[in-house]
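Asks: Would you be able to build a 3D model of this:
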Amino acid sequence: MRVQLNLAARPFRRDRLFYISVIVLGTGLLAAAALLVTAFTGTYRRSPELAQKTAEYRRQLEALARRQTTAETVLRQPENAAVLERSIFLNELLFRKGISWTRTFADLEELLPPRVRLIAIRPQLNPDHEVSLDMDVGAETREAFIELLRGLEGSELFRSPVLHADSPPTENQPLFRFRLSVVYDQKL
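Replies: Coordinates of the predicted model:
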């Protein structure tokens, strides 16, 4: 039987690794705390400037809102109704003029299958200020028209195609006729 007997006043312990890791961890925590205090004081010093800028922007926004309401009340007066209607008409006209017919036909040409013909096209401005194209299309077969619909649905420029009416070929008109509308996002 072996008995360990230590007669030293202070027995040997392996605490060096523990003390080194505590010192390193403590130093890291102190550095992180110093960094946070520095960031906080920098932000705290700038906060009055930010508050002043925010208050200034709010005052400007309120002034602009007051100007807009006074302008709208002046425009809504009965004697200015004609000017308001003309203004709305001209704004819509300018928006429509901003749409390039050449670009519209070029975009449609890329999607039209060989056996599909564009008969009529009417642009309209919907309530969301998007351009909607109402189109009358003639196709030799229904499959050719379905191919056109697939192309419109997969396009980045055309979206939400809706079929409104279709008619079979007649003696006078040898094509299937379809009336559809599609939202057009022309890249201006």
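
Asks: Residue 83 and residue 75: what is the separation?
Replies: Plainly put, residue 83 is 7 Å away from residue 75 if you go by CB to CB, to the nearest Å. Backbone N, C-alpha and C define where each C-beta goes, glycine included.

Asks: okay, and the common contacts of the two?
Replies: Common contact partners of residue 83 and residue 75 (CB atoms under 8 Å, 6 or more residues apart in numbering): none.

Asks: Residue 51 and residue 58: what is the separation?
Replies: Residue 51 is 11 Å from residue 58, by CB to CB.

Asks: ugh, wrong one, I meant residue 65
Replies: In terms of CB to CB, residue 65 sits 10 Å off from residue 58.

Asks: Then residue 74?
Replies: According to CB to CB, residue 74 stands 25 Å off from residue 58.

Asks: repeat for residue 179
Replies: As judged by CB to CB, residue 179 and residue 58 stand 51 Å apart.

Asks: Any idea how far stretch 148-156 is from the middle of the chain?
Replies: 21 Å (CA atoms, centre = their mean, to the nearest Å).

Asks: Let me fix that, I meant to ask about stretch 53-65.
Replies: Centre-to-centre, stretch 53-65 and its host chain are 26 Å apart (CA atoms, centre = their mean).

Asks: same check, this time on stretch 130-148
Replies: Distance of stretch 130-148 from the chain centroid (CA atoms, centre = their mean) equals 28 Å.

Asks: How about stretch 72-92?
Replies: Relative to the chain's own centre, stretch 72-92 is displaced by 31 Å; criterion: CA atoms, centre = their mean.

Asks: first vs last residue of it, how far apart are they?
Replies: Chord length of stretch 72-92, first to last residue, is 18 Å (CA to CA, to the nearest Å).

Asks: I'd like to know which elements the longest helix seen in the chain is packed against.
Replies: Counting by DSSP state H, the longest helix found in the chain is helix 16-75. Where contact means 3 or more CB pairs under 8 Å, 6 or more residues apart in numbering; DSSP states H and E, helix 16-75 is packed against helix 81-97.

Asks: Mind listing what's buried along the helix it packs on?
Replies: Within helix 81-97, no residue is scored as buried using 16 or more other CB atoms under 10 Å.

Asks: Residues contacting it, please?
Replies: The contact list for helix 81-97 (CB under 8 Å, 6+ apart) reads 75, 76, 123, 125, 129, 131.

Asks: Taking helix 16-75 as reference, get the angle to it.
Replies: Orientation check (axes from the mean of the first three to the mean of the last three CA atoms, to 10 degrees): helix 81-97 against helix 16-75 gives 130 degrees.

Asks: Helix 81-97: how far from the chain's middle?
Replies: That offset, for helix 81-97, works out to 27 Å (CA atoms, centre = their mean).

Asks: Can you say which two of the contacts of helix 81-97 are spatially most distant?
Replies: Maximum pairwise distance in these, criterion CB to CB, is 29.0 Å, between 76 and 123.
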